[in-house]
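Engineer: got a sequence here, can you model it:
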Amino acid sequence: MHNLFSRRIVLGTALTMAGLLTAVTAYAAGLSGGYTANGRNPDGSAYKGTVQIVETDGTVAMTWVVAGSTYTGLGKVAGRVLEVDWNSNAPVVYVINSDGTLYGTWAKGTALELLTPK
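Structural biologist: Okay, the predicted model is just below:
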């Protein structure tokens, strides 16, 4: 009985890990496209804009258009985390969610941003 229980735990863990790896791969492969951006600046003021993501050979290129200004950055995906250098003193760090949204922080965690696929 103990052996059967142990096998079920091992099998369950393996299936869970396989599912997570498949999901993470799907997130990374599906980032390219247009997004709406809703966020809060470090001073607490709200902003809205658009973001275009292009993923090529493991590099993620992002272009934000917010309040008539354009910002660009390059990043890499590690698991469910996307870290983007956008020529600021701190990167934007996003968590890639299963619904396709990206939830991020910037300005050393004092600002927030939600990207929703169009």
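Engineer: make it CA atoms for all contacts and neighbour counts henceforth
Structural biologist: Will do.
Engineer: residue ranges with poor pLDDT in this protein?
Structural biologist: Counting by pLDDT under 70, the chain shows low-confidence ranges at 1-29.
Engineer: quick one: buried residues of the helix or strand containing Gly73?
Structural biologist: Element membership of Gly73, judged by DSSP states H and E, is strand 69-78. Neighbour-count burial for strand 69-78, with 16 or more other CA atoms under 10 Å as criterion, is recorded at Gly73, Leu74, Gly75, Lys76, Val77.
Engineer: residue nearest the centroid of the chain?
Structural biologist: Central residue of the chain (CA atoms, centre = their mean): Ile96, 3.2 Å from the mean position.
Engineer: who does that one form a beta bridge with?
Structural biologist: Leu102 (DSSP bridges).
Engineer: dump the residue contacts of it.
Structural biologist: Residues in contact with Ile96 (CA atoms under 8 Å, 6 or more residues apart in numbering) are Tyr27, Arg80, Val81, Leu82, Leu102, Tyr103.
Engineer: returning to what we had before: which of the buried residues of strand 69-78 lies closest to Leu31?
Structural biologist: The nearest member of the buried residues of strand 69-78 to Leu31, counting by CA to CA, is Val77 at 9.9 Å.
Engineer: so that closest one is in contact with Tyr94, correct?
Structural biologist: No: using CA atoms under 8 Å, Val77 is not in contact with Tyr94, being 9.3 Å away.
Engineer: joint contacts of these two?
Structural biologist: With CA under 8 Å, 6+ apart as the test, Val77 and Tyr94 both reach Glu83.
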